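# got a predicted model here, sequence first, then my questions.
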There are 4 protein chains.
Amino acid sequence: MVSFECDYIAGAHPEILNRLAETNMESLPGYGMDHYTESAKEKIKAACGMPDAQVELLVGGTQTNSVVISTMLRDWEGVIAADSGHVSVHESGAIEFTGHKVIELPSVDGKLEADMVRAYLEKFHSDVTNDHMVFPGMVYISFPTEPGTLYSKAELEALSDLCREYEIPLYLDGARLGYGLMSNACDLTLQDIARLTDVFYIGGTKVGALCGEAVVFTKGNRPEHFMTSVKKRGALLAKGRLLGIQFDTLFTDDLYFRISRHAIEMALKIKEIIKEKGWKVYMDSPTNQQLILMTKEEMEELGKTVVFDRWGIYDDMHTIVRLASSWSTTEEDIKALAEA
Amino acid sequence: MVSFECDYIAGAHPEILNRLAETNMESLPGYGMDHYTESAKEKIKAACGMPDAQVELLVGGTQTNSVVISTMLRDWEGVIAADSGHVSVHESGAIEFTGHKVIELPSVDGKLEADMVRAYLEKFHSDVTNDHMVFPGMVYISFPTEPGTLYSKAELEALSDLCREYEIPLYLDGARLGYGLMSNACDLTLQDIARLTDVFYIGGTKVGALCGEAVVFTKGNRPEHFMTSVKKRGALLAKGRLLGIQFDTLFTDDLYFRISRHAIEMALKIKEIIKEKGWKVYMDSPTNQQLILMTKEEMEELGKTVVFDRWGIYDDMHTIVRLASSWSTTEEDIKALAEA
Amino acid sequence: MVSFECDYIAGAHPEILNRLAETNMESLPGYGMDHYTESAKEKIKAACGMPDAQVELLVGGTQTNSVVISTMLRDWEGVIAADSGHVSVHESGAIEFTGHKVIELPSVDGKLEADMVRAYLEKFHSDVTNDHMVFPGMVYISFPTEPGTLYSKAELEALSDLCREYEIPLYLDGARLGYGLMSNACDLTLQDIARLTDVFYIGGTKVGALCGEAVVFTKGNRPEHFMTSVKKRGALLAKGRLLGIQFDTLFTDDLYFRISRHAIEMALKIKEIIKEKGWKVYMDSPTNQQLILMTKEEMEELGKTVVFDRWGIYDDMHTIVRLASSWSTTEEDIKALAEA
Amino acid sequence: MVSFECDYIAGAHPEILNRLAETNMESLPGYGMDHYTESAKEKIKAACGMPDAQVELLVGGTQTNSVVISTMLRDWEGVIAADSGHVSVHESGAIEFTGHKVIELPSVDGKLEADMVRAYLEKFHSDVTNDHMVFPGMVYISFPTEPGTLYSKAELEALSDLCREYEIPLYLDGARLGYGLMSNACDLTLQDIARLTDVFYIGGTKVGALCGEAVVFTKGNRPEHFMTSVKKRGALLAKGRLLGIQFDTLFTDDLYFRISRHAIEMALKIKEIIKEKGWKVYMDSPTNQQLILMTKEEMEELGKTVVFDRWGIYDDMHTIVRLASSWSTTEEDIKALAEA
């Protein structure tokens, strides 16, 4: 069996495991006060071209969304997101658990369109009853989006300009950031993202780490007493070194980008196989996740040798099947898929 | 100036004020333990034809929605509501404040359709990733709806059957219940509503009271230690007599229904005036709220003698204007509107 | 039977009921936008000698504590209170429901001592692990306290100075404020309280109103978008006139102070009766609540003609019994107690 | 420099790192559905002598306390804890963040005494106003306690009996469980703890793991839809293998107990050094944490070669200093301390 189920089927990139082993017996302070965490933060700031950014390391994606959104929103505010966004659909109500509404707007190919967000904001601010409503206090987007699409530089600029006009932060969920940035279709750099957003995170869990996400506050806007708010949410890791060493390794010699690019190259091969086999594409994705439509019979046949994800229900006859590549996908895996 | 701004422009029905004055100096226990509250509960149960129902009195509508929904949902659940529902739009995120998501489904004339809810529930329960989602744990509807429309008996039965099939409670927000039940278009009785829902509330604030809503748990399903949960939410009124005496009066000699019927008769006259004047109707309503479309100029002209509500924005040219009747609307008010 | 059970056994002061009746059919806007509410706020500001204060009217005491504390604290903060404080003991965890800790310090005669609070703050700020703790972000006191005692001017000044030194607000719960200010033992005025605290509320429910508490933000420090936060907590009253007219009446011709003084005079007579009867005093109170110790047999005997409150358990043999006077206590009530 | 700062200064036990490396490239499902997690759960159940227990793996201690307590308490309940308990003092209000009060009772040597808890419960249930209070719905204890002391079997039985009598769960925080069980002073086994509590956790972070805590629900009482509630709190780890492999290793060949015993042996040597040096003991501890009192000068001197923790302030002159041993403490470390 070969697995394309998701991008977190393997452990960590071997270089990360090596670094964890090499540093294992060093005595280090807890809670992110160690020098590896410090070094990781410096390297991330350098990669963002933003020496004054503030970087914080957390354990998982939903946790990061919950911590960032709930510490940045004010009492009377909610967060705008696409109705297909992770915070809207697949976090079991983690944002609402913190007392804030996710204001869902229709998505187009998994994306929020600036014009639609503008229309919402204009209507909200001209509504005389809006004291009885949830104030839009942040815009949340995913890059790549949940179905694997990408915002263009122009699209991100439009959202960024809009957020600045309305003075609300733009937050980018980069759970799979590397797979977006290294896509052939991407016209954005990490520096662009740092410049155009107010806060974003660089996903580690899906890009080579055992766990870990690096939040970047790009405008000196890290919430006050952030560590205490993280602790209050049960999200402070005692052995912060685990996150520090992993991100320090990922941002040494461009490892994060190199392994992301590898996943894209594997994805391009998967796209070729899809084309050859004549599988029907659900949404064309330039990143590491390929979504195709399959009947029950096709899934049974494929399932004999390949592990894949049932991403959603398409219609009575078809399921949306996800084939994901990652840093750990090998040429042998691809060959096995071609032969399936 | 004459006001059709909303159905809470006046104080209380005079009979209520009289009863408050008559009983004013009686020494009564607090927190709803007085005999007027007891009597009000008995009369409401009798009116519902449901001697085993449990009735609780609260102060306001958003408070009632928040208390009922958050004490009945379980940790992993959210509430399904129309995207035009009061809990979705006009409660400043009160449900989310309690840690629960409002799962918004598209509305048709302000209503949830059973087929659409069924489709949502079926899809949810067949989704293999639903452990990562908010479980639908209740269905919320308003009667009348926010734009003034009504569920038919057949529509309410369909929703009721669906909720029983999926074993989740059906909750009906009756902020304007009297104006729905007394409409010519209504084929439902209070008893029907008690039978078909699991919990609902009888609105007092908009139907003759200074404040107050009576929640009816129809299936022996009042949450345990309800009083403590009410207190915890800051919703327990010290002088419960204020609510008890008002509802006791409203449910004596059918006062609640008589004054509701009066409002409907006034609304029918408003409809005639709208027709005569050729105003464009936004949504045809059989209840006490009439929604019409007006240009800025028309609003300015009407505003010289009439107070009305700007209910929403329709397009660049038109605003949705609400003209509401209530128990306090007089023939003189109607005459003044006709002459405006 | 005559009742000394609590200070909310009667309805409203007759002048309030009269004003409600006189104004009943006026068409007024909702949500506190009416001119009676405006007038009430102006009169309260004048009584406080503080034209720039911000006044907001809410329905009940626990609701007010919950709204004020949770909108003023920041994410990482909790509120310091006496372990006997209302927010610590008798609000069913309403503060914790909003996500904030009540930091309980030992009380002395129901009061927080400035020295003890200072010691706590000093220790907290010198603790190197305090990033893992709840930051003290407000001090909550009650005036009169729950057992009926009073802070002296010197004591309140000491707490006020301390809070300014540590830059945290001092919040005074005035559920029974009138009964404190009108006590013979009180050396504070309403103006003193406005000056020395950052926010406080003037209790209406226990001092002549059907319901209602007036919050005074004394330093231009009302939280932003306060109305929306109030709505979010289910605490916004649709017919704000009910609160406005009541407070407008209470602050016309010193009604609030006159009826409070009456309650104190009645309390002095109760103290005399206690002395004459030789009942054992639990805590000497200069305000409207008298706490005495009674055996089961004594309670049975007294209970034949008098309604009283079982305030707490003292020991295996004795219960703490509360006899409360209020604006509605009459000379006849006192006579009946003397004869009991 | 040698460090006795805490028991999480090192990475993972080498056997754990080896297993992580060996299994690194295996394709495994996420969210704890992998076979290593399954195996870990089976081994833990066997070690507890409780085949029907339910085991769940979480990332950190505060997270575990927050998830377990908030999913087991009902709306109207809070958790009883010692005033020195971790949930009371050092979790930044994580329990209150979930809407529940920590009911703090005085501690004796870091422990809750059954008699004191009984007195609290009896008083609460005989208080006629308890509908306005937070219901005690769970008892939380730590083993070892925060200052390193242990409950005896008799003490734990007394608490267990009391909780069963009042039908509330007993929850044991075992962040350092191994260091308690392996102490010479301990008369309890893991099986005893599983039998006497309703839920407890086996700490991994402080006993050889990079991260991870194993919650054991001992009475078939795991909350319904636990995975969704975990996700809602941002606490679900995508690569559950990280936790599964670590606990599988710790519970293979008694590794957890062997390394815990090593830490105790090192602690006994530290105790000898303390005695030899004549350092003043703050609280006598039979586990891996030794608390001593030091002046500023003494700390400066010791700090030249030894890293230690400033655990708290004792008085104007003395700080409470913690010297902790762990699975990673070596004979060389001990020698260096002796020479300091």
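On my side now, so go ahead. Numbering: from 1, shown residues only, chains lettered A, B, ... in the order given.
# and the pLDDT at A:Ile129?
Just so we're on the same page, residue A:129 is Thr rather than Ile. Looking at A:Thr129, its pLDDT reads 89.
# again with the one 4 residues further on
Reading off the confidence values, A:Met133 has pLDDT 98.
# counting neighbours, what do you get for the nearest residue to A:Gly32 once chain neighbours are set aside?
By the measure of C-beta to C-beta, 6 or more residues apart in numbering or on different chains, the closest residue to A:Gly32 outside its immediate chain neighbours is A:Gly240, 3.4 Å from it. From N, CA and C alone the C-beta is placed, and that goes for glycine too. The tally of other residues near A:Gly240 (other C-beta atoms under 10 Å in any protein chain shown) stands at 21.
# ok, the one 4 residues further on next?
A:Gly244: 25 surrounding residues under other C-beta under 10 Å.
# wait, it touches A:Ala40, no?
Yes. At 5.0 Å, A:Gly244 counts as touching A:Ala40 under the criterion of C-beta atoms under 8 Å.
# so what's in contact with those two at the same time?
A:Leu57 (C-beta atoms under 8 Å, 6 or more residues apart in numbering or on different chains).
# wait, what's in contact with A:Asp284?
Taking C-beta under 8 Å, 6+ apart as the definition, A:Asp284 has no contacts.
# my bad, A:Gly85
Here A:Gly85 is in contact with A:Val102, A:Glu104, A:Ser107, A:Tyr140, A:Ile141, A:Ser142, A:Thr145, A:Glu146, A:Asp173 (C-beta under 8 Å, 6+ apart).
# from memory the first one sits against A:Ser88, does it?
The reference is to A:Val102. Yes. Contact criterion C-beta under 8 Å: A:Val102 and A:Ser88 qualify, at 5.3 Å.
# wait, the residue nearest to A:Gly32 sits on A:Gly30?
Yes. Look at A:Gly240 against A:Gly30 with C-beta under 8 Å: they come within range, at 6.1 Å.
# tell me, how many residues neighbour A:Ala338?
A:Ala338 has 13 nearby residues by other C-beta under 10 Å.
# which elements pack onto the host helix or strand of it?
Element membership for A:Ala338 (DSSP states H and E) is helix A:331-339. Packing contacts for helix A:331-339, counted by 3 or more C-beta pairs under 8 Å, 6 or more residues apart in numbering or on different chains; DSSP states H and E, involve strand A:2-3, helix A:255-277.
# who touches the helix or strand bottoming out on mean pLDDT in chain A?
Here the helix or strand of chain A ranked lowest by mean pLDDT, DSSP states H and E is strand A:309-313, holding a mean of 90. By C-beta under 8 Å, 6+ apart, the list of residues contacting strand A:309-313 from outside reads A:4-6, A:291, A:299, A:319-324, B:123, B:126-128.
# rerun that using 6 Å as the cut-off
Residues from elsewhere that reach strand A:309-313, judged by C-beta atoms under 6 Å, 6 or more residues apart in numbering or on different chains: A:Glu5, A:Cys6, A:Leu291, A:Thr319, A:Ile320, A:Arg322, B:Val128.
# who in the stretch 151-300 of chain A is up against chain D?
A:Thr205, A:Leu210, A:Thr228, A:Lys231, A:Lys232, A:Gly234, A:Ala238, A:Lys239, A:Leu242 (C-beta under 6 Å from any C-beta of the partner chain).
# check contacts around the third one.
Pointing back at A:Thr228 there. C:Trp76, C:Asp131, D:Ser92.
# remind me which helix or strand it belongs to.
Assigned by DSSP H and E, A:Thr228 falls within helix A:226-232.
# from the chain's centroid, how far away is that helix?
Put simply, helix A:226-232 sits 22 Å off its chain's centre (C-alpha atoms, centre = their mean, to the nearest Å).
# now it: average pLDDT?
For helix A:226-232, mean pLDDT is 98.
# do the same with stretch A:201-209
Taken as a whole, stretch A:201-209 has an average pLDDT of 98.
# for stretch A:147-154, same thing?
Mean predicted lDDT for stretch A:147-154 stands at 97.
# close to chain B, is it?
No. Figure legend: stretch A:147-154 not in contact with chain B (C-beta under 6 Å from any C-beta); closest approach 13.9 Å.
# list the buried residues of that stretch.
Buried residues in stretch A:147-154, defined by neighbour count with 16 or more other C-beta atoms under 10 Å in any protein chain shown: A:Pro147, A:Gly148, A:Thr149, A:Leu150, A:Tyr151.
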